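**Student:** quick one, structure for this:
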Amino acid sequence: MVRVILVRHGETQWNKDRRYQGHSDVALNDIGRAQAGKVARRLRSEKVDAVYASDLSRAYQTAEVIAREHGLPVEKVPGLREIHFGDWEGLSREELTEQFGEAYARWQAEPLTTRAPGGESFEDVQVRALAALEAIVARHADGETLVIVAHGGAICSILCHYLQCEFWECLLGNTGFSVLEFGADGVKVAVRSDAAHLEETGE
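**Tutor:** Numbers count the residues shown, from 1 in each chain. Predicted coordinates:
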């Protein structure tokens with residue numbers, strides 16, 4: 001069995017402002033860096049064999065903090081990127097409602113199949129993110145544990161595939177993580193959306 005600890009990146013200013021980031025390369029803010037430290041301390045006792053991340057800064061920076069605890073490098077995997085929101089990137093929910101009302105409502109109702117203008121659907125993300133995840137797992141031996149840092153939408157698309165649930169049921173907060181177990185009998189979601197580390201107040 002190969003264990004995958006699938007972590008969402010820490011907070012960015014656009015997260016705080018509730019703006020859609022997509023492929024826009026927004027770095028962690030101060031809160032996000034603190035969150036990365038908390039999840040890194042939470043995972044310190046794990047025997048981690050490799051660390052991977054989306055190539056976008058917010059995921060890579062989070063992964064670097066985790067990897068430092070284990071003396072490991074971080075390998076960038078572009079297939080783990082967030083959904084490309086096209087013309088919607090940088091806009092808030094209020095701005096999207098005002099400027100793209102009907103299309104935005106359709107996307108909220110059918111996120112897997114609806115594309116933002118010039119962007120992807122979550123079904124598109126699901127195909128590439130699953131391919132990236134499965135390629136990573138195939139490189140590792142039974143008994144190994146991997147940390148993979150990605151994005152809310154990409155992780156949701158992966159989880160809803162394995163859990164066979166509705167897309168919006170898989171939402172998770174910044175630095176929340178899930179654990180997938182890849183074994184001979186298939187894939188088990190052993191932990192789902194754990195963010196208990198954010199409750200810590202000190203070292």
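**Student:** C-alpha only now, for contacts and for neighbours.
**Tutor:** Noted.
**Student:** quick one: low-confidence residue ranges for the protein.
**Tutor:** Counting by pLDDT under 70, the ranges of the chain that qualify are 201-203.
**Student:** my read: T145 touches S45, true?
**Tutor:** No - in this structure T145 lies outside contact range of S45 using CA atoms under 8 Å: 11.8 Å.
**Student:** looking at the two, which one has more neighbours?
**Tutor:** Ranked by neighbour count (other CA atoms under 10 Å), T145 and S45 place T145 first, with 23 against 10.
**Student:** report all helices and strands that the lengthiest strand in the chain contacts.
**Tutor:** Secondary structure of the chain per DSSP state E: the longest strand is strand 186-194. Using 3 or more CA pairs under 8 Å, 6 or more residues apart in numbering; DSSP states H and E, the elements in contact with strand 186-194 are helix 152-163, strand 177-183.
**Student:** can you give me the distance of the residue of the chain positioned farthest from its centre to K76?
**Tutor:** Distance from the centre of the chain peaks at E98, with 27.9 Å (CA atoms, centre = their mean). Counting by CA to CA, to the nearest Å, the gap from E98 to K76 is 36 Å.
**Student:** same question, T114
**Tutor:** 28 Å.
**Student:** ok, now A141?
**Tutor:** Applying CA to CA to A141 and K76 gives a distance of 20 Å.
**Student:** which one's more surrounded, the two?
**Tutor:** Using other CA under 10 Å, the more surrounded residue of A141 and K76 is K76, with 19 against 10.
**Student:** next up, the contacts around the more buried one.
**Tutor:** 52-55, 60 (CA atoms under 8 Å, 6 or more residues apart in numbering).
**Student:** who wins for neighbours among the residues you listed?
**Tutor:** That'd be A53 among the contacts of K76, by other CA under 10 Å, with 30 neighbours.
**Student:** isn't that residue up against A63?
**Tutor:** Yes - using CA under 8 Å, A53 is in contact with A63, at 6.2 Å.
**Student:** between those two, which contacts overlap?
**Tutor:** In contact with both A53 and A63: 74, 148-149, using CA under 8 Å, 6+ apart.
**Student:** contacting residues for the residue most central in space within the chain?
**Tutor:** By CA atoms, centre = their mean, the mean C-alpha position of the chain lies nearest to H151, the distance being 2.6 Å. Counting by CA under 8 Å, 6+ apart, H151 touches 7-9, 54, 59, 80-82.
**Student:** repeat that for A53.
**Tutor:** 59-60, 63, 74-77, 80, 148-150.
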